[in-house]
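Enquirer: Make a model of this:
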Amino acid sequence: MMAEYRQQDARPGPGTSRRRVVAAAAVAPLLAAVSTGARAQSAGTAKGRGRELVRPVPTVLSDWKGVADALGRTGDMKRNVMYHTGFARRDLAVLSHGVRVRPALALAAHMAFVRYADGGTMVMGDMVVTEAELQGFADVLHQRGIEQTALHKHLLAQRPDVWWMHIHAHGHDPVALARGLRAALDRTGTPPPARPTPSVRPRPLDLDTAGIDAALGVKGSIDDGIYKSLFVRRETVTDGDRVLPPGLGSTTAINWQPLGGGRAAVSGDCCLVAREVQDVLAALRGAGAELVELHNHGLRDEPRLFFVHFWAVGDAVKLARGLRAAVAATDVRPVTED
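Expert: Reported below is the predicted structural model:
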């Protein structure tokens, strides 16, 4: 139709001005250039999708000593490929719906470093910052070349206001990446790591953890007085040309804080793809959970992942039975924290 229109418009006839003929002649090369550019862009995109993916390689704790020194705290290994460091905001006294939130329930930030076959290192994670700390923290990340990929809250009706900043960076010098993170952390009140304590068996929680496990279909674990139920996506998830280790950026986590009498405060985060979103939202509401946030954590993940944060208070086993429907609506598998 456009070509036909140009031909008709370009033929001088009664009432056709020379200006219209000149304009049509000028537009034709531009349209041809746009069409050629679109074809080239399409070909480039197709070629990009067929690129070879870079996979993570196993590492050991000693490989990350420089990172630990730069961060000022030691971490641990997850699944033999992720060097993981936690940053619990034990300095904050946060209330949500009248519940005093323990750090491990919803105030524990994490960073994971992964080595890749091409010698590069990727770091991904999130940090908990107060509203007063937020802008300065973001400024330092920009200065150090560390990407900010998401900004949101995990809690409703919270006092004081706290935010979660997700970050991403890649480079060939993991210590430099760690120094950049440390510079940003130093703009916050994040406390130094707690003094190590002798390894002892965690004390039993005032929760029917066996009932929670049976209801959700996963064996949970105890972390600083919080019971945690974890699942990971079954698909292979990539970030650009990097294959992400299972669970990195693709975890469904349901955290349980005992309130006494078998009751719990629950802070959860479901990882899902677009076609699962509406079923999960409906299942969460059906379980009596309050919706907090629906958002992305990354910028270049495939498949595109969404995260639904939720909050609930009530009988723990009853909540777990209701939340099972939300988990079942997603393509995840249960895991035990290691």
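Enquirer: CA only for contacts and neighbour counts going forward, please
Expert: Noted.
Enquirer: Please enumerate the strands of the stretch 51-200 of the chain.
Expert: According to DSSP state E, counting those that start in this stretch, the stretch 51-200 of the chain carries its strands in the segments 76-78, 82-88, 95-96, 99-100, 108-115, 121-130, 147-152, 158-159, 162-171.
Enquirer: Return the set of buried residues in stretch 151-165.
Expert: Burial within stretch 151-165, assessed by neighbour count using 16 or more other CA atoms under 10 Å, is assigned to 151-152, 154-156, 158, 161-165.
Enquirer: three-state assignment of the most centrally placed residue in the chain?
Expert: By CA atoms, centre = their mean, the chain has its centre lying nearest to His297, at 3.4 Å. Secondary structure, DSSP: H, G, I helix; E, B strand; the rest coil: His297 is coil.
Enquirer: and it, backbone torsions?
Expert: Phi and psi for His297, reported as degrees, to the nearest 10, are phi -100, psi -20.
Enquirer: Quick check: bridge partners of the closest residue to it other than its chain neighbours?
Expert: The spatially closest residue to His297, leaving aside those adjacent along the chain, is Ala150, at 5.3 Å (CA to CA, 6 or more residues apart in numbering). When bridges are called by DSSP bridges, Ala150 pairs up with His166.
Enquirer: Next one: Ala150 relative to Val280, how far apart?
Expert: Distance of Ala150 to Val280, given as CA to CA, to the nearest Å: 21 Å.
Enquirer: Pick out whichever of those two has more residues nearby.
Expert: Val280 (22 against 16; other CA atoms under 10 Å).
Enquirer: surely the more buried one meets Leu323?
Expert: No: using CA atoms under 8 Å as the test, Val280 is too far from Leu323 to be in contact (9.4 Å).
Enquirer: Run through the stretch 1-150 of the chain and note the low-pLDDT ranges.
Expert: Applying pLDDT under 70 to the stretch 1-150 of the chain picks out residues 1-50.
Enquirer: how about 50 then?
Expert: The stretch 1-150 of the chain contains residues with pLDDT under 50 at 1-48.
Enquirer: returning to that earlier point: run through the residues that contact the residue nearest to His297.
Expert: By CA atoms under 8 Å, 6 or more residues apart in numbering, the contact set of Ala150 is 164-167, 296-298.
Enquirer: ditto for Val60
Expert: Residues in contact with Val60 (CA under 8 Å, 6+ apart) are 77, 80-81.
Enquirer: Of these, select the buried ones using a PyMOL command.
Expert: Buried subset of these, written as a PyMOL selection, criterion 16+ other CA under 10 Å:
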select buried, resi 77+81
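Enquirer: Could you save the contacts of Val60 as CSV and add columns showing distance to Tyr227?
Expert: Listed next are the contacts of Val60 as CSV, based on distance: CA to CA, whole Å:
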residue, distance to Tyr227
Met77, 20
Asn80, 23
Val81, 24
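Enquirer: Among the contacts of Val60, which one lies nearest to Ala117?
Expert: The nearest member of the contacts of Val60 to Ala117, counting by CA to CA, is Val81 at 11.5 Å.
Enquirer: I'd say the closest one and Val114 touch.
Expert: Yes: counting by CA under 8 Å, Val81 touches Val114, with 6.1 Å between them.
Enquirer: Pull up the overlap in contacts between these two.
Expert: What both Val81 and Val114 touch, as defined by CA under 8 Å, 6+ apart, is the set 56-57.
Enquirer: out of the strands of the stretch 51-200 of the chain, which comes closest to Ser267?
Expert: Of all the strands of the stretch 51-200 of the chain, it is strand 95-96 that lies closest to Ser267, at 10.5 Å by CA to CA.
Enquirer: where's the residue nearest to His297 relative to Leu141, distance?
Expert: 13 Å.
Enquirer: And Arg79, by the same measure?
Expert: From Arg79 to Leu141 the distance is 28 Å (CA to CA).
Enquirer: Ok, Val327 next?
Expert: With CA to CA as the criterion, Val327 and Leu141 are 34 Å apart.
Enquirer: try Thr209
Expert: The gap separating Thr209 from Leu141 is 40 Å, by CA to CA.
Enquirer: likewise Ala157?
Expert: Distance of Ala157 to Leu141, given as CA to CA: 28 Å.
Enquirer: Check Ser96 too.
Expert: Distance, Ser96 to Leu141, by CA to CA: 28 Å.
Enquirer: Compare the two (neighbour count), which wins?
Expert: Counted by other CA under 10 Å, Ser96 and Leu141 do not tie: Leu141 has more neighbours, with 22 against 16.
Enquirer: That one contacts Ala178, correct?
Expert: No: checked against CA under 8 Å, the pair Leu141 and Ala178 is beyond contact range at 11.3 Å.
Enquirer: Arg324 versus Gly86, what's the distance?
Expert: 28 Å.
Enquirer: if I pick the closest residue in space to Gly298 that isn't next to it in sequence, what's in contact with it?
Expert: Nearest residue to Gly298 in three dimensions, chain neighbours excluded: Thr149, at 5.3 Å (CA to CA, 6+ apart). Counting by CA under 8 Å, 6+ apart, Thr149 touches 165-168, 297-299.
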